[in-house]
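**Q** Need a 3D model of the following:
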Amino acid sequence: MKKMVNLLILLIMLVISPVKTATQASLVQNVNHTDFVKPQNPVTKKLIALTFDADMTTGMQKGLNSGKDKSLYNAEIIKFLRQEKIPATLFITGLWAKEYPFVIKDLASDSLFEIGNHSYSHRAFTKSCFKLGTLANKDKEADVLKAQEILTKLSGKSPKLFRFPGGCANSEDKELVEKLGLKVVGWTLASGDAFNSNTKAIIDNVEKNAKAGSVIVFHLSGGRYAPKTLDVLKVIIPELKKRNFEFVTFSNLSIKDPNLKKAPKK
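**A** Sure thing, here's the model as predicted:
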């Protein structure tokens, strides 16, 4: 009788337990994906890396060319970061770089900032990624390399970092990018500034969840795409400074604190 009960329990568990498909198993859950994780030992330094995505899709480009959007670059963000001497890592698409070539040259000449590759056209590497268009597998490498070529030519430096559009990618995509000599960078905290006019909600989210080793993602677009980013930065940066946090680029995050280590391979 006991064997029959155990068998019945086992059958029930098999029925109700979720089974991951091969696709699900290989998908990198990128909203929190980063090339390092906080280790079990306490982080000794209160370091935070602010990162900014300069997105541009072909649709965004059309909005800019038609006059619907006056700009896809909030220069006041960079002005404020410079004023406060806050380092940042900027992930820039090839389309955006072509639109603002002199901005790229200016940013690349400033030691406060490091520039990373954010693809050419900001099309997703996987399906169902924030309603972004999707790259065909055969076009992925060319898209990354096209952005790399543009950014290198304009900045005079070859980017070493890459962030997937929308943070969406599978393990094969990650391997492809790494074979091209780029380090994949995600984030540990999404600020929530995209398409969000609720300044207080964004501030509360960042201030509540920021911690030692955080990699926080914002957007450089301004306008309707990221209307409150500057307002948020003017509040959270002084507040986090009061809490004794130090701001660094992504590349300097692990260098300045050896307790931040690479994540084990999945």
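
**Q** going forward, measure contacts and count neighbours with C-alpha atoms only.
**A** Will do.

**Q** hey, where'd the strands end up in this structure?
**A** Under the criterion DSSP state E, the chain contains strands at 27-28, 36-37, 47-54, 88-92, 113-117, 161-162, 169-170, 183-184, 189-190, 214-219, 246-248, 261-262.

**Q** Quickly, which of those bottoms out on average pLDDT?
**A** Set side by side, these give their lowest mean pLDDT on strand 27-28, at a mean of 33.

**Q** and the gap between the residue nearest to residue 200 when sequence neighbours are not counted and residue 196?
**A** Spatial nearest neighbour of residue 200, excluding adjacent residues (Cα to Cα, 6 or more residues apart in numbering): residue 232 at 7.9 Å. In this view, residue 232 and residue 196 are 11 Å apart by Cα to Cα, to the nearest Å.

**Q** and these two? which has more neighbours close in?
**A** residue 232 (21 against 15; other Cα atoms under 10 Å).

**Q** from memory the more buried one sits against residue 199, does it?
**A** Yes. Residue 232 is in contact with residue 199 according to Cα atoms under 8 Å; the separation is 6.2 Å.

**Q** Quick check: beta-bridge partners of residue 50?
**A** Following DSSP bridges, residue 50 is listed with bridge partners residue 216.

**Q** and it, what does it touch?
**A** Residues near residue 50 by Cα atoms under 8 Å, 6 or more residues apart in numbering: 87, 88, 89, 215, 216, 217, 218, 247, 248, 249, 250.

**Q** Now render these as JSON lines, adding neighbour count and distance to residue 115.
**A** Below are the contacts of residue 50 laid out as JSON lines (neighbours: other Cα atoms under 10 Å; distance: Cα to Cα, whole Å):
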{"residue": "87", "neighbour count": "23", "distance to residue 115": "11"}
{"residue": "88", "neighbour count": "24", "distance to residue 115": "9"}
{"residue": "89", "neighbour count": "22", "distance to residue 115": "6"}
{"residue": "215", "neighbour count": "27", "distance to residue 115": "15"}
{"residue": "216", "neighbour count": "21", "distance to residue 115": "15"}
{"residue": "217", "neighbour count": "23", "distance to residue 115": "14"}
{"residue": "218", "neighbour count": "22", "distance to residue 115": "14"}
{"residue": "247", "neighbour count": "21", "distance to residue 115": "16"}
{"residue": "248", "neighbour count": "22", "distance to residue 115": "13"}
{"residue": "249", "neighbour count": "22", "distance to residue 115": "10"}
{"residue": "250", "neighbour count": "26", "distance to residue 115": "10"}
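
**Q** Now flag whichever of those is closest to residue 178.
**A** Comparing the contacts of residue 50 against residue 178 with Cα to Cα places residue 250 closest, at 16.9 Å.

**Q** which phi and psi does the spatially most central residue of the chain have?
**A** Central residue of the chain (Cα atoms, centre = their mean): residue 186, 4.6 Å from the mean position. Main-chain torsions, residue 186, degrees, to the nearest 10: phi -110, psi -130.

**Q** Right, I'll call it a day here.
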